[in-house]
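1. sequence plus predicted model, see below.
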Amino acid sequence: MEQQTQRRAQLYPIFVRLGRSRTTSRTGYINKAGAVCIPPEYSDGFPFYGGLASVKKDSKGKWGYINLDGELVIDFKVPSAGFFSD
């Protein structure tokens with residue numbers, strides 16, 4: 001179980017451009033092998049830290065936090081965010 005948690009904890013943000021845009025992109029997360037684990041559906045995001053990553057739903061929106069399964073665990077409420085810590 002611990003080994004599975006370690007594997008899942010190694011997710012990295014990816015930034016995917018929308019169409020031919022040079023300025024608009026979506027953020028998602030991939031694993032070490034390059035497989036998409038969380039689809040690029042956020043307008044911005046930070047790397048995982050402490051099992052959570054901060055993400056922004058749209059360019060004018062607020063920030064929230066997702067877990068390693070891509071589930072929203074802290075709602076989109078704060079105007080700015082960074083790495084999660086207790």
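-> Received, thanks.

2. give me the below-cutoff pLDDT ranges for this structure.
-> Applying pLDDT under 70 to the chain picks out residues 1-9, 83-86.

3. going along the chain, name the strands of it.
-> For the chain, the strands defined by DSSP state E cover 12-17, 25-30, 36-42, 44-45, 52-56, 63-67, 72-78.

4. with just CA atoms, put the second one into PDB.
-> Spelled out, that is strand 25-30. What follows is strand 25-30 as a C-alpha-only set of coordinates in PDB (Å, rounded to 0.1, in the frame of the first residue of the first chain):
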ATOM      1  CA  SER A  25      -3.400  26.700 -21.700                       C
ATOM      2  CA  ARG A  26      -4.900  24.200 -19.300                       C
ATOM      3  CA  THR A  27      -3.100  22.400 -16.400                       C
ATOM      4  CA  GLY A  28      -3.300  18.700 -15.700                       C
ATOM      5  CA  TYR A  29      -1.100  16.100 -14.000                       C
ATOM      6  CA  ILE A  30       1.000  13.200 -15.400                       C
END
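
5. quick one, it and strand 52-56 angle?
-> 160 degrees (axes from the mean of the first three to the mean of the last three CA atoms, to 10 degrees).
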